[in-house]
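**Q** Show me how the following folds:
(chains A, B, C, D and E)
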Amino acid sequence: MNVASSVTAATEPVAPKGVVAASVYADGRRVANIPIEEASNWRTKPGHVVWIGLLEPGMELLTKVQQQFNLHDLAIEDANHAHQRPKIEQYGDALFIVARTAQLVDGNIAFGETHIFVGDGYIVTVRHGASTSYAAVREHCESCPRALSRGEDYILYAILDFIVDNYSPVIETIQQEVETMEELLLETAISRTQIQRLYQLRRDLLRLRNAIGPLVEVCRRLERDDLTMVRTALQPLFRDVTDHVGTVQEQIDSLREVLAFAFEASLLVGQAQETAVSKKLASWLAIIAVPTAFAGIYGMNFEHMPELKWKYGYYVALGAIAAVCLSLFYRFRRAGWL
Amino acid sequence: MNVASSVTAATEPVAPKGVVAASVYADGRRVANIPIEEASNWRTKPGHVVWIGLLEPGMELLTKVQQQFNLHDLAIEDANHAHQRPKIEQYGDALFIVARTAQLVDGNIAFGETHIFVGDGYIVTVRHGASTSYAAVREHCESCPRALSRGEDYILYAILDFIVDNYSPVIETIQQEVETMEELLLETAISRTQIQRLYQLRRDLLRLRNAIGPLVEVCRRLERDDLTMVRTALQPLFRDVTDHVGTVQEQIDSLREVLAFAFEASLLVGQAQETAVSKKLASWLAIIAVPTAFAGIYGMNFEHMPELKWKYGYYVALGAIAAVCLSLFYRFRRAGWL
Amino acid sequence: MNVASSVTAATEPVAPKGVVAASVYADGRRVANIPIEEASNWRTKPGHVVWIGLLEPGMELLTKVQQQFNLHDLAIEDANHAHQRPKIEQYGDALFIVARTAQLVDGNIAFGETHIFVGDGYIVTVRHGASTSYAAVREHCESCPRALSRGEDYILYAILDFIVDNYSPVIETIQQEVETMEELLLETAISRTQIQRLYQLRRDLLRLRNAIGPLVEVCRRLERDDLTMVRTALQPLFRDVTDHVGTVQEQIDSLREVLAFAFEASLLVGQAQETAVSKKLASWLAIIAVPTAFAGIYGMNFEHMPELKWKYGYYVALGAIAAVCLSLFYRFRRAGWL
Amino acid sequence: MNVASSVTAATEPVAPKGVVAASVYADGRRVANIPIEEASNWRTKPGHVVWIGLLEPGMELLTKVQQQFNLHDLAIEDANHAHQRPKIEQYGDALFIVARTAQLVDGNIAFGETHIFVGDGYIVTVRHGASTSYAAVREHCESCPRALSRGEDYILYAILDFIVDNYSPVIETIQQEVETMEELLLETAISRTQIQRLYQLRRDLLRLRNAIGPLVEVCRRLERDDLTMVRTALQPLFRDVTDHVGTVQEQIDSLREVLAFAFEASLLVGQAQETAVSKKLASWLAIIAVPTAFAGIYGMNFEHMPELKWKYGYYVALGAIAAVCLSLFYRFRRAGWL
Amino acid sequence: MNVASSVTAATEPVAPKGVVAASVYADGRRVANIPIEEASNWRTKPGHVVWIGLLEPGMELLTKVQQQFNLHDLAIEDANHAHQRPKIEQYGDALFIVARTAQLVDGNIAFGETHIFVGDGYIVTVRHGASTSYAAVREHCESCPRALSRGEDYILYAILDFIVDNYSPVIETIQQEVETMEELLLETAISRTQIQRLYQLRRDLLRLRNAIGPLVEVCRRLERDDLTMVRTALQPLFRDVTDHVGTVQEQIDSLREVLAFAFEASLLVGQAQETAVSKKLASWLAIIAVPTAFAGIYGMNFEHMPELKWKYGYYVALGAIAAVCLSLFYRFRRAGWL
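**A** This is a model prediction of the structure:
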């Protein structure tokens, strides 16, 4: 087998557009980069796994891959159109898995999809939209040969683990923003920009939940069911991914609930502020109304108004106005209205 | 069989009112358009499928169809009255399926119902209310003969797929409107017209959810159960429809939740605006109260008011008023009240 | 059997208080009106069904009926006290069913209860509170003799169907009122009377849901379980009732949700109106404050106020006041505050 | 057996503190009041049931009882500490049941707990906190000898039935208060006292739901499971209790929902009232602003103001003021602002 | 065995950093403190249990422990990283349990995690973050030798019971704060500080629920499943813990709901206060507007204003002003506006 491997390695092809990588692994080492057309030959060699990575492939390329591994029409059609919900399906002896990926691009969440075909001796990954390259997974697998030799189910685990891991930075960023926001919210009344941000965070979290929610079910089936693809020895690994997904989901749900609390707290803060403004308005109106009313009375043109003749009448009036105003001011202040 | 087919094709009848189409398919080709009365003869010929399409038929017509295929009384009664919930029922060896259809008519959602009877060698579709003609499905089936030859269960799949597909433009339109609205909502306080539109969108989404929700269960039964109608080889097709319905449902639920967020954000925006108006009101009242109070004081008729005798008293008073007003103005502006 | 029937018909008794009807049916015809005491003899005759209809019977009458059909103590106790939740219970070979009925009495919903005992050869209905007489059911059964001959399970179906049918006018009335209300709500701010009506509608719908919710379970058990009472051939009929109940329930839930939307929309409309009032208030205060401030200034008594000496000073002042007021008016109008 | 009974009755003991009653029943009659220490002897006599009633017993007393009936350590520990959730547990051949009781004490709801041990030939009830004495149950059991002879499972039923019955007056009282409140709420804006009451009612209903919710599960297990304690013939009795608990729970849930509606209606009423106040405020301000502005203008000190010289100028001015004020007044009234 | 025990006890090692305790128990007594390296020898001796307590151990230490008991890689990896959700997993014949702990640190809730490995003859506890030392559990176990002799499953029970017990003071503290707050809330309008506290309480309760929620499932599995670790005789103990967790969870849920009620009540109280402020504002404005308008009229400069000439005109005017003001004041007071 070594001979065959080295020979093919010599004829290493240039990957066509849409193909990120197409390699054969055996005994934990990459033994060859191959053209798609040779995949079906390699996958049947005992102990060999073909791993093909595609990035937004055209229908033509997908059809070529389909022929190599005898994939189901419906799965190929799904892989061609993005916008699938996370799911797992068994077509004959092959599994078809859809997962949504999330990434931070310029501070916003960008979503992508990864479609995975796994069968005896092969794994095909199809990436759509925003998603990190699986080169890291590839390197990780190559760096622990014992692991890779375990076959296509281990690679499947490594990819799912990688996808779920990549949710964490997204959620942590949101978490930080939520924490910054909740401090602001409780200190001052909410501004329009903050309402906008609050709204966007809720939408983003909704999208994240939609992306990751059904993935729990996918992982659970991989962990529990007697899927022919997954060896029993690997089931704890998938259980670990399920746990991880569950933790991420709990974080999302907590953040969603926290934002709902924040909304309600904002409403109360806003209401309290409105009342505070009304109280201030009322207080100042009352204070300013006093000199106006007073002055109005002494501005009347009656002929007989003895106070007007008093020598210090004006000063008494000014003093009375000041006294009433000040007394009102202190009363309002004491009552917490000012 | 060819002979028989051509013969009948020669005697092609004129379809009575309520009958959209009544044809026989064999080996993936339409072999004859038939009168209803001959349906029971054709359906028993091996490899032949009778497809009858009705549009808001009268009871008389329904009874004629019932006699041909020996349909259950209750199903016929249901088909006669619209306003059924989506459901699937097995009467003897026949299936009765109800699905709700949705369409955009002049920018509003119009709902319709399709009732489907499927049995050995026949399929009857009954359309009520707003729904697209199944001519497109018919053409699609005729254009891939291999498919049509697969029989009545494939036609059933094609119709359900078509119904679910037709939900997408409706939801996309709503989605666009929601997106336009959420931009507006977060920029300015909500207007009465927008509240009205928000309300209508929520009602429409509620109706859509009611229309499509029970359809999930229908598709799931077709995909999973051992219904005598559906061959195992076709189950992945129905699973595909289930997936599609699930995606549509998730979109509806997301939109519903987004509109709930929009409501809450509107409440906050409205509250913030109310407070802003109150602050502006309070600020201007304070500013305008100053000259009034000032002038009131110097409008008093006391005999001894030395300032009134000052040569520049008037200008000093004007200056003082202006100074206080401006100082208030800048204070309010700095505090964000103006 | 004919002889026996005619003989008994001759000795037709006068029904005591609480007994609406007590008849024997055979071969689809009413063969006799009987006194309660003879019921147990008639029910054992093959092909005969005794149907006794009671209206708020006393304990004495119930005991008499109990003895005839050997009914369970607990069921009789339940039938004596109203205020049961809809349920189905099997006591030995007899079924005990409780259903709630709803009717419009003077525009308000009145609730009643019907308790049904069904066993081999007999059916006893006990009505409490507001409920339509089952005379219509009786007539319907008598008018299709083939049906009646099918026995006590068919009568049970006919009664349940009748009860569920009677929910429809109630719900339609509410639906119309909701539609009238939602138009009003979105046009003007909600009035106290409307809030009151909104509240009552929600209460009524809650009661309706409580009344009809558990009935789904009752119908489902009749449709599915191997209850000894119900022949397999009749199960589609009960499935039909289940469907009907389901549709009614969906209508109720939709109306409940719509009223919740209406509440939220009202809150927004109310908030918008409050803001509109504040804006109007602020605008007019600003406009009216101008002449007051102006006039105040020229009402000051300073000796040296050159403008006061101007020949056209007064007209200039009036003009200035008018100019500022008009300019403010148009600005506010442009800003949508007026 | 009669001899033994009469003998023991002669040696009737004085019950120690914490023991409400300790009696032996046989053939439906109380045959003896016994000291705790003799309980284990009596319970093994065929047809005899020992019923011990304890009220907040100390650990010493509980241990004595435990020894007589060989009760499980954990159950005894639970019975010693109150604050358990309603539950049912089987320890060996004995059942341990916890139920919460509710009572009206001075118009407030007081909660208590009853712990019940049931085993072959004995029943022990332990009461904590507010709860009615089971003397009434005891009397009821003694008054229908046939019933009591049915053994410890019947007594268990009688106690549970009594507990559930005692919820009804509590709920009826709340229901009346809710009904009184909803009338008030919809007539005038809610007062602080009413908000307080509304809040307390919601808390009380929450507590009631917590108390009674898990009891459904307890009753259901008694009704359905093959618990060795309960004879099949008694299962309908327990089913009856389950029904009763279900009805109580439905009432609680309805009241909870009604109070939620009341909250929302109050919010709308409050908002409407706030707007009404704003409108009134705005109207009166406008009306009062007119004479002020008018008078201000004719209070200016311009030398050339021809109107001031007119003979009837003053009356014209007063008339104009009155005219404008009245016209405003009627306009506001027509618009519903006043 | 005694010999061996005393020998080892003589060579008692100094525990390395991260090791809180490492002891062997037999027959209910601590027979030796051992170095980690000897653990695997001791655990295989019949009747001996090794209990190792670690506090935030490094990977090196964990690896050492792993080797002794042959623990699964994934479980060790989990134990190394905190932030796991409560869970229970079986790896081969060993159980891995994660529980979250809660403690009050300076009045705030601090969360920690405890990871437990249990296998035949050993138990390893790993503490992360805030958590009480298990010294108390250790002492409790040592003080009832009979219990400890029951083995590692009893220790597991004791630890879980201890963890759940430690939730109670946390919840009681929150409960007291909630009760204090609800009194305040219903008396005066909510202040910003109170809103902040309300928000924090809701967040804390959310965290508590997240911490304790999944623990119910863990306990239930220990109580029910045929886990090889737990002897049947101990299952009632674990059922007791489940009950306890359930009670704690109910308390948390009740508090959460009560805080939601408090939010709604606050909203109503705030709204009522806002309206009260508006009413006061309106009342005072009306009262103060009267002298202003009056005085304005008699401040006009018409030449012919007979009242101005009256001798007591001024006093009549003052009296009229006072009369109207007082009458307004009493009217507003009667209407509850002042």
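
**Q** going forward, measure contacts and count neighbours with C-alpha atoms only.
**A** OK.

**Q** I'd like the next helix or strand past the helix or strand of chain A with the lowest mean pLDDT.
**A** Taking mean pLDDT, DSSP states H and E as the measure, chain A has helix A:2-10 as its least confident helix or strand, at a mean of 41. Sequence-wise, the next helix or strand downstream of helix A:2-10 (DSSP states H and E) is strand A:19-26.

**Q** Parallel or antiparallel, which strands does that next one pair with?
**A** Applying DSSP bridges, strand A:19-26 is found paired with strand A:29-33 (antiparallel), strand A:48-55 (antiparallel).

**Q** and those strands, which is most packed in?
**A** strand A:48-55 (a mean of 24; mean count of other C-alpha atoms under 10 Å in any protein chain shown).

**Q** In which helix or strand does A:R203 reside?
**A** Counting by DSSP H and E, A:R203 is found in helix A:192-224.

**Q** swap that for A:P46, please
**A** Applying DSSP H and E, one finds A:P46 in no helix or strand.

**Q** right, quick check: the helix holding A:R203 against chain E, any contact?
**A** No - using C-alpha under 8 Å from any C-alpha of the partner chain, helix A:192-224 stays clear of chain E, coming no nearer than 12.5 Å.

**Q** ok now that helix, how far from the chain's centre?
**A** 6 Å (C-alpha atoms, centre = their mean, to the nearest Å).

**Q** Just the buried positions in it, please.
**A** By neighbour count on 16 or more other C-alpha atoms under 10 Å in any protein chain shown, the buried set for helix A:192-224 is A:192, A:195-199, A:201-223.

**Q** again, but for stretch A:135-143
**A** Buried residues in stretch A:135-143 (16+ other C-alpha under 10 Å): A:V137, A:R138, A:C141, A:E142.

**Q** Take the residues you listed and keep only those in strands.
**A** With DSSP state E as the criterion, strands contain none of the buried residues of stretch A:135-143.

**Q** And the residues you listed, which two are furthest apart?
**A** A:V137 and A:E142 (8.5 Å; C-alpha to C-alpha).

**Q** Tell me where chain A is predicted with low confidence.
**A** A:1-15, A:144-150, A:225-226, A:228 (pLDDT under 70).

**Q** Now name the helix or strand holding A:Y314.
**A** Using DSSP H and E, A:Y314 sits in helix A:313-334.

**Q** can you tell me if stretch A:167-184 touches chain E.
**A** No - Stretch A:167-184 stays clear of chain E (C-alpha under 8 Å from any C-alpha), getting no nearer than 9.2 Å.

**Q** and for that stretch, what are the contacting residues?
**A** A:101-104, A:109, A:190, A:194, A:201, A:248, A:251-252, A:255, A:259, A:262 (C-alpha atoms under 8 Å, 6 or more residues apart in numbering or on different chains).

**Q** and the angle for the helix or strand A:E113 falls within with strand A:48-55?
**A** Using DSSP H and E, A:E113 sits in strand A:108-119. Using axes from the mean of the first three to the mean of the last three C-alpha atoms, to 10 degrees, the direction of strand A:108-119 lies 150 degrees away from that of strand A:48-55.

**Q** Give the other helices and strands that strand A:108-119 contacts.
**A** Counting contacts by 3 or more C-alpha pairs under 8 Å, 6 or more residues apart in numbering or on different chains; DSSP states H and E, strand A:108-119 packs against strand A:94-105, strand A:122-129, helix A:152-165.

**Q** Tell me the gap between it and the middle of its chain.
**A** On C-alpha atoms, centre = their mean, the centre of strand A:108-119 falls 14 Å from the chain's centre.

**Q** cool, stretch A:18-33 as well?
**A** That offset, for stretch A:18-33, works out to 32 Å (C-alpha atoms, centre = their mean).

**Q** What of stretch A:269-277?
**A** 33 Å.

**Q** hmm, it touching chain E?
**A** Yes - under the criterion of C-alpha under 8 Å from any C-alpha, chain E is reached by stretch A:269-277 at A:V269, A:Q271, A:A272, A:E274, A:T275.

**Q** Show only the entries of those found in helices.
**A** Counting by DSSP state H, the residues of stretch A:269-277 next to chain E place A:V269, A:Q271, A:A272, A:E274, A:T275 in helices.

**Q** Would you agree the fourth one is in contact with B:T275?
**A** Yes - if you go by C-alpha atoms under 8 Å, A:E274 and B:T275 touch, sitting 5.3 Å apart.

**Q** Can you pull the residues of the stretch 101-250 of chain A lying near chain B?
**A** A:A189, A:I190, A:S191, A:R192, A:I195, A:Q196, A:Y199, A:R202, A:R203, A:L206, A:N210.

**Q** got those residues as JSON lines, with distance to chain D columns?
**A** Shown next, in JSON lines, are those (distance: C-alpha to the nearest C-alpha, whole Å):
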{"residue": "A:A189", "distance to chain D": "20"}
{"residue": "A:I190", "distance to chain D": "21"}
{"residue": "A:S191", "distance to chain D": "22"}
{"residue": "A:R192", "distance to chain D": "22"}
{"residue": "A:I195", "distance to chain D": "22"}
{"residue": "A:Q196", "distance to chain D": "25"}
{"residue": "A:Y199", "distance to chain D": "23"}
{"residue": "A:R202", "distance to chain D": "24"}
{"residue": "A:R203", "distance to chain D": "26"}
{"residue": "A:L206", "distance to chain D": "26"}
{"residue": "A:N210", "distance to chain D": "30"}
